[in-house]
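1. Everything below, folded, please.
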Amino acid sequence: IESSPHLMGGAIWEWMDHALPCFDADGTEFPAYGGDFGDAPNDGLFITDGLLFWNRQPKPAYWELKKVYQPIRASWSKSAPHTIVVENRFDFTSLSEYRLRWELTADGEPVAHGGWENLDLGPGERAELPLPSQIPLSGEGKELLLTIRATLRNATPWAAAGAEIAWEQLRVSPRSERLLPSCRIWEEDKVFPRETATDWIFGQGTTEIAISKATGQLAWWKEGQTLLPLQGPWLHAFRAPLDNDWRVMNKTWFEHGLHKLQSRVLETGLHEWGGLQTVTEWKAPCAETPLTKRFEGKVRLEAHPLPGDAASFLVTTRYLLTPSGELEIEYYITPRGGCYILPRLGVQFTLPPDHTRVCYYGRGPWENYPDRQSGAILGIYKTTVQEMLTPYAKPQDCGNRGSIRWLEVTTPTGRGIRITAHNEISASVLPHAQETLLHTSHQHRLPQSQATFVNLDAKVLGVGGASCGPIPLQKDWVTQHPVTLHFQIGVLR
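-> Below is the predicted model of the structure:
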């Protein structure tokens, strides 16, 4: 958009979804697309690719565009400490029409705020604005972020007073990295698991956690007499295709059976640093080929043998029970085989469907992916599992949140789990499995939720523009390179 003074970029191809409001037999209103009217041939979902949904509510991509278009920029001064450079990119408007406020957060929590009054900065001008000298430049292990917001002083015909026009988030101090378990050895407080015929069992205080020898996953987790209904982790390398995915996957995700991977345990035993290590191989029993047109709502699959270079994954999982009773997990994934561009590499857990509340520290408040996260601010957000299910016309993978530091999934009364990431991860919490999303043609036809699906990913494929344009840039691909997930799970009572 700004690479040349002579060319314009960033033009919008589709402002809103071209879907028609219709009513199902029970009176439910829904967006109808090609094929819903008995019309054949049709283009199916082809033009449900707008920035707004069919009911004119913004999609997550709308907020990305707003950030890219914003006419006010802020950055750190390269010549003066505690100083911000503000740039007015309007062609005719002074910044005197806006209020500029800043907020400093430490690990997502506000610690200071302020602003600049009567900033009369003309079109195309830049100014250096000092921050109070007492603002710390070191977080003492905490992540310090400075968020600057520009809002309208007065109402206009197109927005109310106080409407946010632009924002920037500047890093003051980096996030501290935690030590790996192999480097963090408690000489006196190591918690070794004991072995039974079927499980390895960790015990610490009132906490008991069993890892199954048969699966390498959680068999059970007890807090006193209470059983924590958490299942997993298992490898998760599939996503219900986005509207943009049908070109990038070119049927290969199904032909390599990424949607039906099965595991076999190769080995399990104690590790030298005091924890438990399991090694599993994941591979599909058979392949399937979509018989569906690219933009058709219903997905039909035909089974056939796997290709000779079928995708498989070698997974090494290390479990460690900390002295505080949290389960620390390192999950090493090594992809093998011929499926070069993968949808994701991560793990999945499930909880009962009454775990409907989500709180997290990461990018938000809306859905964001690696190539669509400029418009998402790092912060602490509260939402629900249902709200994370973005209501696209055709159900698909959605709800991803990037740069997750921690994530809580609980019941309305606050019972559940807290996941703390040791390395940067993406996460989503959805009321349906990916295969349910895949095989459902419209949002209102999704069945009642049977579980809450917690997805933690080391890497997630970008969105790209392949509904009518290019696939994601290569830097946003998930390829055959090994990845690591490192996190802790604690119980919230």
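2. In this structure, spot the helix with the most residues.
-> Ranked by number of residues, the top helix in the chain under DSSP state H is helix 60-69.
3. Quick check: next helix or strand after it?
-> Next helix or strand after helix 60-69 toward the C-terminus (DSSP states H and E): strand 72-76.
4. ok, and what's touching that next one?
-> Under the criterion CB atoms under 8 Å, 6 or more residues apart in numbering, residues 83-90, 95, 98, 148, 150, 165-166, 168, 170 lie in contact with strand 72-76. From N, CA and C alone the C-beta is placed, and that goes for glycine too.
5. run the last query once more with 7 Å
-> With CB atoms under 7 Å, 6 or more residues apart in numbering as the test, strand 72-76 has contacts from 84-89, 95, 148, 150, 165-166, 168, 170.
6. same deal with stretch 102-115?
-> The contact list for stretch 102-115, computed with CB under 7 Å, 6+ apart, reads 99-101, 132, 135, 139, 142-148, 361, 379-380.
7. Closest one of the contacts of strand 72-76 to V265?
-> L170 (47.1 Å; CB to CB).
8. give me the beta-bridge partners of the closest one?
-> Beta-bridge pairing of L170 under DSSP bridges involves L146.
9. so what's F92 closest to, chain neighbours aside?
-> Leaving aside its chain neighbours, F92 sits nearest to P123 (5.7 Å; criterion: CB to CB, 6 or more residues apart in numbering).
10. Mind jotting down where the helices sit in the stretch 351-493 of the chain?
-> With helices called from DSSP state H, counting those that start in this stretch, the stretch 351-493 of the chain shows them at 434-438.
11. Figure out how far stretch 205-218 is from the centre of its chain.
-> Offset of stretch 205-218 from its chain centre (CA atoms, centre = their mean, to the nearest Å): 27 Å.
12. what's the first-to-last distance across that stretch?
-> End-to-end distance of stretch 205-218: 19 Å, with CA to CA, to the nearest Å as the criterion.
13. And the average pLDDT for it is what?
-> Stretch 205-218 carries an average pLDDT of 95.
14. Please identify the buried residues of that stretch?
-> Residues 207-213, 215-218 are the ones in stretch 205-218 that count as buried (16 or more other CB atoms under 10 Å).
15. Narrow those to those in strands?
-> Under the assignment DSSP state E, the buried residues of stretch 205-218 contribute 207-212, 218 to strands.
16. Among these, which pair sits farthest apart?
-> Checking these with CB to CB, the most distant pair is T207 and S212, at 17.3 Å.
17. per-residue confidence at W273?
-> So W273 comes in at 71 (pLDDT).
18. Tell me, how many residues neighbour it?
-> Each residue near W273 was counted by other CB atoms under 10 Å, and the total is 16.
19. Assign a three-state SS to it, would you?
-> Here W273 is coil, with the state taken from DSSP: H, G, I helix; E, B strand; the rest coil.
20. average pLDDT across stretch 74-85?
-> The pLDDT scores in stretch 74-85 average 94.
21. which one is S133 nearest to, not counting chain neighbours?
-> In this structure, S133 finds its nearest non-sequential neighbour in H82, 6.0 Å apart by CB to CB, 6+ apart.
22. what residues does the helix or strand in which E128 is found touch?
-> According to DSSP H and E, E128 maps onto strand 126-130. Residues from elsewhere that reach strand 126-130 (CB under 7 Å, 6+ apart): 77, 80, 82-87, 116, 121.
23. what pairs with that strand, and is each one parallel or antiparallel?
-> Counting by DSSP bridges, the strands paired with strand 126-130 are strand 83-88 (antiparallel).
24. which residues are in contact with the strand it pairs with?
-> Counting by CB under 7 Å, 6+ apart, 72-77, 95, 100, 121-131, 148 sit against strand 83-88.
25. Swap in 10 Å and give it another go.
-> 71-79, 94-95, 98, 100, 102, 116, 119, 121-131, 146, 148, 150, 166, 168, 170 (CB atoms under 10 Å, 6 or more residues apart in numbering).
26. Report the rounded mean pLDDT for the helix or strand just after that strand.
-> Going down the chain from strand 83-88, the next helix or strand is strand 98-106, by DSSP H and E. Strand 98-106 shows an average pLDDT of 96 in the prediction.
27. Now for P307, how many residues are close by?
-> By other CB under 10 Å, the burial measure for P307, its neighbour count, is 15.
28. Weed out the non-buried ones from the contacts of strand 126-130.
-> 84-86, 116, 121.
29. quick one: which of the residues you listed is nearest Q225?
-> Ranking those by separation from Q225, with CB to CB as the measure, puts I84 on top at 55.1 Å.
30. distance of that closest one from P132?
-> I84 is 12 Å from P132, where distance means CB to CB, to the nearest Å.
31. got it, and Q225?
-> Q225 is 53 Å from P132, by CB to CB.
32. between these two, who's got more neighbours?
-> Using other CB under 10 Å as the criterion, Q225 and P132 rank with P132 on top: 10 against 6.
33. a strand runs through that one, doesn't it?
-> No - using three-state DSSP, the assignment for P132 is coil, not a strand.
34. Provide the partner residues of the closest residue to it other than its chain neighbours in its beta bridges.
-> Spatially, and ignoring its direct neighbours in sequence, P132 is nearest to G114 (6.4 Å; CB to CB, 6+ apart). On the basis of DSSP bridges, G114 is bridged to W102.
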